[in-house]
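Student: The following comprises the amino acid sequence and a computationally predicted model.
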Amino acid sequence: PTLVDDYLGDWVAFRCSNGCKETSRATANDSALSGFVPCFEKSLHEKGFIELQKGYRQRLSVKDGERQRSQSKLTNSSQALRSTKIMNHKTLTHIFSICVTICSPALVATAAKKESRPNIVFILADDLGYGELGCYGQKKIKTPRLDQMAKEGVRFTSHYSGFTVCSPSRCALMTGKHMGHASVTGNGGRLKKEDVTVAMLLQDAGYKTCMIGKWGLVGRPGHPGSPNNKGFDHFFGFDNQGFAHFYYPEYLWRNDKKVLYPDNHNLRVNGEYVKGKGTYSHDEFAKEALQFIRDNKDNPFFLYLPFAIPHAELTVPEDSMAQYLKLNWPEKPKIEGKGNTGGGAYGSQYKKGYCGQSHPHAAYAGMITRMDGNVGRILDLLDELKLSENTLVIFSSDNGPSPEGGQTLQFFNSSGPLSGHKRS
């Protein structure tokens, strides 16, 4: 299907190794590697960024479940993206073509002789609007770390998400296939056994791979479409995207083991979560991500970190909400109910649907600010471990914003200059 530019516009910011700060536009098309990468490289040359070296890239195709590789010449952007931080806002399969180009086995064999392979950290927000970061015009929600990341980088503003809802968009991101060829074209779909993901390619290239958060493609541990069977050495998070709508689960999965959170039982009173109680899943994801980076500081690694924030029910610990409560914004309390119920499987409090929220605008802003702070913690750790100069960091969102949790898109101007939203 045709991607609507005024809704699915996307951006990416990155910092090149010589510290240049520019803005470059590249229009992503269905042929990510043949269309986007040359445009990206041409842009770099025109702006005098870095001299790119010639090299080879392996293209991987799937036929009858087997991997077939054919080699084609393409400029090697590995040198161009070394010591780079990239931020993109709205999901885009095409940016991953850069990662595949950098890290494909053919390049690794050559590049590894000269320098270590770059680490990759891909952070994905859930239903974050184009206009909900300060660096893209947001006036109410504070996102200082992502704003700084954009200030240090180059933004790509014409990229596209794979689809308008979670599962297909994530399928496109993982497989590089648009909806005409993708195996998942609607929410709740699963990857097929023969689907090849970017994580599988990076595993082949010698990377330690990790996925933490919302997989969004179903895949209970052991299923052929589960993260561990799709290229990820380590998995921590939800196995079902419906359950990822909630922030106080009674359990999560670490690979094939359940991690129990007994303090999250029966946390709701009058529809809202009890303040100061329970374990917030987003914080668990951030903690796991930081530990993975520490544990693999001496190995090339790929960390895929799809946070659930700010999707669906609106709730966040008080320390993130306090600064916004002081502003006395206009609020229309949301009553408990509607939205996904998770079948009750991830917690007794979910049988009635999303939590009630007396201050949905303050909660929504607090959630995004909390995520921003955890992105900052990751960047700080990379600096501390002296990994920043050899790590590619990407920030994105899977699709446009949604008001289903109780906040209004108009109050935050969530879509910025764009006219659409999730599902439009």
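Tutor: Okay, I see it.

Student: Who's the closest spatial neighbour of the residue sitting nearest the centre point of the chain, skipping the chain neighbours?
Tutor: Using Cα atoms, centre = their mean, the residue of the chain that lies closest to the mean C-alpha position is residue 124, 1.2 Å off. Once flanking residues are discounted, residue 124 sits nearest to residue 306: 3.9 Å by Cβ to Cβ, 6 or more residues apart in numbering. To be clear about C-beta, it is placed using only N, CA and C from the backbone, and glycine gets the same treatment.

Student: So that neighbour versus residue 390, what's the distance?
Tutor: Residue 306 sits 23 Å away from residue 390, taking Cβ to Cβ, to the nearest Å as the criterion.

Student: which of the two has more neighbours?
Tutor: The neighbour count for residue 306 versus residue 390, taken as other Cβ atoms under 10 Å, is higher for residue 306 (26 against 17).

Student: Low-confidence ranges, the stretch 251-400 of the chain, go.
Tutor: Confidence mapping of the stretch 251-400 of the chain against pLDDT under 70 gives the ranges 342-345.

Student: For residue 195, grab the count of nearby residues.
Tutor: Other residues within reach of residue 195 by the criterion other Cβ under 10 Å amount to 21.

Student: surely it meets residue 183?
Tutor: Yes - at 5.5 Å, residue 195 and residue 183 qualify as touching, with contact defined as Cβ atoms under 8 Å.

Student: what do those two both touch?
Tutor: In the contact map built from Cβ atoms under 8 Å, 6 or more residues apart in numbering, the residues linked to both residue 195 and residue 183 are 171, 175.

Student: What is the neighbour count of residue 328?
Tutor: Other residues near residue 328 number 9, with proximity taken as other Cβ under 10 Å.

Student: Do you have the strands of this structure handy? List them.
Tutor: Taking DSSP state E as the test, the strands found in the chain are 11-14, 53-63, 66-76, 86-89, 119-125, 154-155, 208-214, 234-238, 251-254, 257-260, 268-269, 272-273, 301-306, 391-397.

Student: any idea how far residue 357 is from residue 410?
Tutor: Counting by Cβ to Cβ, the separation of residue 357 from residue 410 is 18 Å.

Student: now residue 143
Tutor: Between residue 143 and residue 410 the distance is 19 Å, computed by Cβ to Cβ.

Student: Of the two, which one has the most company?
Tutor: With neighbours defined as other Cβ under 10 Å, residue 143 and residue 410 compare such that residue 143 has more, 24 against 9.

Student: Now the more buried one. Nearest residue, chain neighbours left out?
Tutor: Distances taken as Cβ to Cβ, 6+ apart place residue 372 nearest to residue 143, at 4.3 Å, with adjacent residues excluded.
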